[in-house]
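J.: sequence and predicted structure below; questions after.
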Protein chains: 2
Amino acid sequence: MRQLDQAFAALADPTRRGIVVHLARGEASVSDLVGHFSLTQPTISSHLKVLESAGLISRRRVAQLRPCKLEPERLKAVTDWLEQIQAIWEGNYKRLDALLAALKQAQKPERRK
Amino acid sequence: MRQLDQAFAALADPTRRGIVVHLARGEASVSDLVGHFSLTQPTISSHLKVLESAGLISRRRVAQLRPCKLEPERLKAVTDWLEQIQAIWEGNYKRLDALLAALKQAQKPERRK
């Protein structure tokens, strides 16, 4: 529950979503991201912290670098939740369609040969 | 962009996600929701306001009632965004797999008959 809260909250910012799109294409260092988004390093770092606490990205240490990597499992948890809603909604529509079809059928004047 | 910001932010709360799940099953009045979630009417109303500004639900006026209805289009916009990320990510994996296969092929000692 808490994990979904954090993931949704982290994705509610356009720069953070931009970072996620960028990392979906491959790992990137903070300086890559600073260059790409034309933002200051502290701004990028604070966005990365939010994404990291939400489990959406991870950072490993390689010498002086700390490349950032997308964590697709957490994104999948968010997508799964949304798909569950869609399934419930579509299930309703299917039931409604069936009900309407049954009503139409019941209203048809009986034809006698 | 702003619409996605609001939708993600609205979904970052477990009660609001609960309301969305409930409304996916069909329209509900505020009192239905108050009963279902054992929360006060002002609390439910304030959550509904957030969901409504985010375009995730709508409310129509029927006599004294204002039934709440899920707006699946906005939810779909959120799901579409997440699926786009997954597609970019999976595209990368496919390219990486192809590259690794090509490297393996290139490293194979040539066999002469």
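T.: Thanks, I have it.

J.: assign a three-state SS to A:E83, would you?
T.: Three-state call for A:E83 (DSSP: H, G, I helix; E, B strand; the rest coil): helix.

J.: buried residues in the worst-scoring helix or strand of chain A on mean pLDDT?
T.: Here the helix or strand of chain A ranked lowest by mean pLDDT, DSSP states H and E is helix A:72-107, holding a mean of 88. In terms of neighbour count (16 or more other C-beta atoms under 10 Å in any protein chain shown), helix A:72-107 has its buried residues at A:72, A:74-75, A:78-79, A:81-82, A:85, A:88-89. (C-beta placed from N, C-alpha, C; glycine too.)

J.: around chain B, which positions in chain A sit nearby?
T.: Chain A comes close to chain B at residues A:1, A:4-6, A:8-9, A:11-14, A:17, A:20-21, A:24-26, A:70, A:72, A:75-76, A:78-79, A:81-86, A:88-89, A:92, as judged by C-beta under 8 Å from any C-beta of the partner chain.

J.: quick one on the thing from earlier: from the buried residues of helix A:72-107, which single one is nearest B:A102?
T.: A:P72 (24.0 Å; C-beta to C-beta).

J.: between the least confident helix or strand of chain A and helix B:72-107, how big is the angle?
T.: With axes from the mean of the first three to the mean of the last three C-alpha atoms, to 10 degrees defining the directions, helix A:72-107 sits at 130 degrees from helix B:72-107.

J.: what distance separates helix A:72-107 from the middle of the whole chain?
T.: Taking C-alpha atoms, centre = their mean, to the nearest Å, one finds the center of helix A:72-107 at 19 Å from the center of the full chain.
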